[in-house]
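**Student:** My questions concern the predicted model and sequence given below.
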Amino acid sequence: MVVRAGVGALLLLLFASLLTALPVAESPGSEDESEQEELGLNAVESRELEIQECTVTCGIGIREVLATSGCPGDEAKCIVAVKECRGPVDCGWGRPVSENSTSVMMTCIYIYPENRFKYIWKILIPGKPASILLDDSAIVVVHRDTRSVTYQCETIENGSVIASVKYTVNAIPELETEQQKEKGKRQSRKRRADAILIFCVVTTVIVTIGAIFVIIFIILHWAVIKTVLDSENGQDDKDKKLTNKSSVISME
């Protein structure tokens, strides 16, 4: 009985030691995984990294993280990560995406995806509160007015302004307006001259065709016309003879 009790105790001790040894054996692996998750780049941390400059000097942009070793193939550098970067909120004055004599297209400052942010467009009026536009898209198109207007777009994330940019939309120049009016007058005069020219050409064509028809008629009916003319000439000769005869008789 004593031997059996000793064997049982020994087995219990061995089983307990195995249970305590198992977590110790697994712990190194779990620590490595947590460290990798913390770093986010896994084996990339062992490479030489080169962090590029931010794509913007204000607002929000991106920067690339390049590896200078361990790249696939013969590449000297390769992109291993892309991170956000930010600068001062105020970006000052921007340039329109496109513009013409009647409208201007402007854009807010943002990065992909566009719908990640909220946008507020304002009209800045000196000495008065800003007027907020109903359009809350990242890109807007406005029409020029008779006076210059200043627009401002604020890019908002989680209730905070992360970028702001202003645009000046110049008024339609008076000189350009006068030029457009003068151009319209020239076009109107040109249309009238073209109409007169077309009328003259059509009239000339009609008269020419009429003359051709008259000539063709005369050629086709020349015998009849000649007979008529001869008869008229004969009648005239008779009348002349009668007149001469009458004058002779009266003289006698």
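**Tutor:** Done, it's in. Residues are numbered from 1 along each chain as shown.
**Student:** Export stretch 203-216 to PDB, keeping only CA atoms.
**Tutor:** Taking C-alpha atoms only, stretch 203-216 is exported to PDB below (Å, rounded to 0.1, in the frame of the first residue of the first chain):
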ATOM      1  CA  THR A 203     -31.000  87.000-108.100                       C
ATOM      2  CA  THR A 204     -28.100  86.800-110.600                       C
ATOM      3  CA  VAL A 205     -28.600  83.100-111.000                       C
ATOM      4  CA  ILE A 206     -32.400  83.500-111.700                       C
ATOM      5  CA  VAL A 207     -31.800  86.400-114.200                       C
ATOM      6  CA  THR A 208     -29.100  84.300-116.000                       C
ATOM      7  CA  ILE A 209     -31.300  81.300-116.200                       C
ATOM      8  CA  GLY A 210     -34.200  83.500-117.500                       C
ATOM      9  CA  ALA A 211     -31.900  85.000-120.200                       C
ATOM     10  CA  ILE A 212     -30.800  81.500-121.200                       C
ATOM     11  CA  PHE A 213     -34.400  80.300-121.600                       C
ATOM     12  CA  VAL A 214     -35.200  83.400-123.800                       C
ATOM     13  CA  ILE A 215     -32.200  82.700-126.000                       C
ATOM     14  CA  ILE A 216     -33.200  79.000-126.300                       C
END
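**Student:** starting at the chain centroid, how far to that stretch?
**Tutor:** From the chain centre to the centre of stretch 203-216 is a distance of 56 Å (Cα atoms, centre = their mean, to the nearest Å).
**Student:** just use 424 as the starting number from now, easier for me
**Tutor:** Sure thing, new numbering starts at 424, so read that last one as stretch 626-639.
**Student:** and it, average pLDDT?
**Tutor:** The average pLDDT within stretch 626-639 is 89.
**Student:** before we move on, what about stretch 642-659?
**Tutor:** Rounded to a whole number, the mean pLDDT of stretch 642-659 is 71.
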